[in-house]
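Engineer: mind folding the following:
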Amino acid sequence: MFQIRNFTDNDDVRTLESRGAFTVVEYLRDLSVSPSSAQTAYYCNEMNVRKRQVICDLSKASITLQAGAMQWTAGNVNATTGLKGVGDLFGKAVRGKVTGESAIKPEYTGDGILVTEPTYRYILLEDLNDWNGSIVLDDGLFLASESTLKHKAVMRSNFSSAVAGGEGLFNLGLTGSGVVCLESNSPREELIEITLQNDVLKIDGNMAIAWSGSLEFTVERSGKTLLGSAASGEGLVNVYRGTGKVLLAPVAR
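Structural biologist: The predicted structure follows:
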C-alpha cells in the first residue's frame, strides 16, 4: 500500500475537476524559480499560465494515454501496447499516419495511480455520454481516455475539405461510453458550445476543437459562387451540418 504526501494536500496545488478516472490539478504558483526567472513566473501566474497535471485512478478504469505523456506511477500499474495482433498494429499505424497522432498509445491497467507530465495547456474532461457516444477531435488535442472508448480515423465528408482547407483528410474520432481528456489552448471558460438540431454552422477559420461524430464536416466557399465569395470578402469556411454540438475556441488554432 502506498502513501503520497505533499501533492494534492499541498496548499499550492488545487483540484480543478474530476470525471471518471481523471482528476485535474493545477499549481497556483511556480515556486521553483531563480531571481532571473521570478518576474516571468509572477506575470505568468497573473495571466493564468500555470502548470497542470492529470491524475489517473486506474482502480476506476483502465486508460489509454498519448505516447510519452506519463510522468510517474504508484502502486499496481501495468503498461501494455494495447495491440491485439498484427492486424491491429497495421490498423493503428495507418490511423496514426493519417490523423497525425501517435500510432501506438500505451494502455495502463491495475489499481494504482498514474500522473501525466505537467503542461501549461488547459485540460478538458469530456464525458462521451454528453456527446451521444461519439466525438471528433482537432489535431493534437488527445491526451488520454478511458480504455472503454474506441479510437478510429474519421474521414472528411469530401476531398475538398482537405485540399481547399489546407487540413488533413482525417481526424481522430472516439466512440463509446467513457471520459476523454483533452489538451486545449483555450480554457473551458472561453469555449463556446453550439448545439445544432438539423441545422448548419459555418466558421471562418480553424476554431472548432471538437464536434459530434454525427455531424457532417466539409470545407466550402462562403458564397454559392466565386463571385459571391469575393463580394463577401471571405473565401473558404468550415461547415458543420446535422444534429450535434461543436466546441468553438475564441481564436483560430
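Engineer: got the residue ranges for the strands in the stretch 151-253 of the chain?
Structural biologist: In the stretch 151-253 of the chain, the strands defined using DSSP state E, counting those that start in this stretch lie at 170-175, 179-184, 192-203, 208-212, 216-221, 236-248.
Engineer: rebuild these as TSV, extending it with mean neighbour count, mean pLDDT and distance to L149.
Structural biologist: For the C-beta atoms, the positions are set from N, CA and C on the backbone; glycine is no exception. Listed next are the strands of the stretch 151-253 of the chain as TSV, based on neighbours: other C-beta atoms under 10 Å; pLDDT from 0 to 100; distance: least, C-beta to C-beta, whole Å:
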stretch	mean neighbour count	mean pLDDT	distance to L149
strand 170-175	22	92	5
strand 179-184	24	97	6
strand 192-203	13	96	20
strand 208-212	23	96	14
strand 216-221	18	87	20
strand 236-248	20	94	17
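Engineer: neighbouring contacts of the helix or strand where N78 lies?
Structural biologist: According to DSSP states H and E, N78 maps onto strand 77-80. Outside strand 77-80, the residues within contact range by C-beta atoms under 8 Å, 6 or more residues apart in numbering are L58, M70, P106, E107, Y108, T109, G110, G112, I113, L114.
Engineer: repeat that for 6 Å
Structural biologist: Here strand 77-80 makes contact (C-beta atoms under 6 Å, 6 or more residues apart in numbering) with P106, E107, Y108, T109, G110, G112, L114.
Engineer: try stretch 173-181
Structural biologist: So stretch 173-181 is contacted by 19-20, 22, 54, 125-127, 133-136, 143-146, 148-152, 154, 213 (C-beta under 6 Å, 6+ apart).
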